[in-house]
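Visitor: dropping a prediction and its sequence here:
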Amino acid sequence: MERNAFLSRIRDATARGRAYPVPLNPEATADQAYVGGGDDPVATFLREWSAVGGKGVRAASLEDARSYLRDVIELHSVRSALCWPHPVLERFGLEEFLQEQQVEVRRWDWIEEQAPVQRWEQTFSADLGITSVDWAVAETGTQVLASRPGRGRSVSLLPPVHVTIVEPAQIVPDLFDLFGLLDEQKDELPSSLSLITGPSKTGDIQLKLTTGVHGPKEAHVIVVDAEF
């Protein structure tokens, strides 16, 4: 595109954006701006997650959750999956389940011990990434993933499809609640904290919204609304 025409499009888009100003309250505090997760934080989380292009389900049982994951595996012809070692995933029986589906399990703590060439070959060729979360935020439909030994962020970023398995107890009502939790753990914060709200998107290319450029094209959440 010719330079002047490109700049003209940016000017026009900026002018249109001014028609929708966001009022700022300089006196806003956590108490004044607190939204919360409503009467049903799980429903709020899934509603907000879906509103930004995420997919997901509230599974009434462990079998329902496994059925949803089975459908994702079949739809995308998954043959290999990067996985975190995580208590929620262990209780889910993830590794055994994937093996039953004839999916190769690539645990991140195993991959971390390999030479760089092998590590990246296995990471970039994986069909699916599966994690749990440290927390999820109902207000915004956001997953919060902390990078720790054995739980690298590549698992949620590099495969074309990402699935997160969540328990209701991991969901906090509001973003301010998350900040409170982080403040309590400020002496033990991880090297990286990812806040994921829907699949990857960018509007940098000719001001057109594109999905999947900087991360997974499809992002799923399974909230297992039962003890397991």
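Guide: Nice, I can see it.
Visitor: what's across from the most centrally placed residue in the chain in the sheet?
Guide: Of all residues in the chain, the one closest to the mean position by Cα atoms, centre = their mean is residue 196, 4.2 Å from it. With DSSP bridges as the criterion, residue 196 is bridged to residue 143.
Visitor: right, and it touches residue 156 too?
Guide: Yes - if you go by Cβ atoms under 8 Å, residue 196 and residue 156 touch, sitting 6.7 Å apart. Placement of C-beta: from N, CA and C, glycine included.
Visitor: shared neighbours, those two?
Guide: residue 145 (Cβ atoms under 8 Å, 6 or more residues apart in numbering).
Visitor: dihedrals phi and psi, residue 73?
Guide: phi -60, psi -40 (degrees, to the nearest 10).
Visitor: residue 51 now?
Guide: phi -60, psi -20.
Visitor: surely it is in contact with residue 142?
Guide: No - Residue 51 is not in contact with residue 142 according to Cβ under 8 Å; the separation is 11.8 Å.
Visitor: more crowded one of these two?
Guide: residue 142 (23 against 12; other Cβ atoms under 10 Å).
Visitor: what sits against that one?
Guide: With Cβ under 8 Å, 6+ apart, residue 142 has these contacts: 48, 136, 175, 195, 196, 197.
Visitor: now the strands for this structure?
Guide: Assigned strands in the chain, in chain order: 55-59, 80-83, 104-107, 128-131, 135-137, 142-146, 161-166, 171-172, 193-196, 201-202, 210-211, 218-224 (criterion: DSSP state E).
Visitor: which of those is buried the deepest?
Guide: Mean neighbour count (mean count of other Cβ atoms under 10 Å) peaks for strand 128-131 among the strands of the chain, with a mean of 27.
Visitor: residue 228 - nearest residue in space that isn't next to it in sequence?
Guide: residue 62 (4.4 Å; Cβ to Cβ, 6 or more residues apart in numbering).
Visitor: would CSV of the contacts of residue 142 with pLDDT be doable?
Guide: As requested, the contacts of residue 142 are exported to CSV (pLDDT from 0 to 100):
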residue, pLDDT
48, 95
136, 97
175, 92
195, 94
196, 93
197, 92
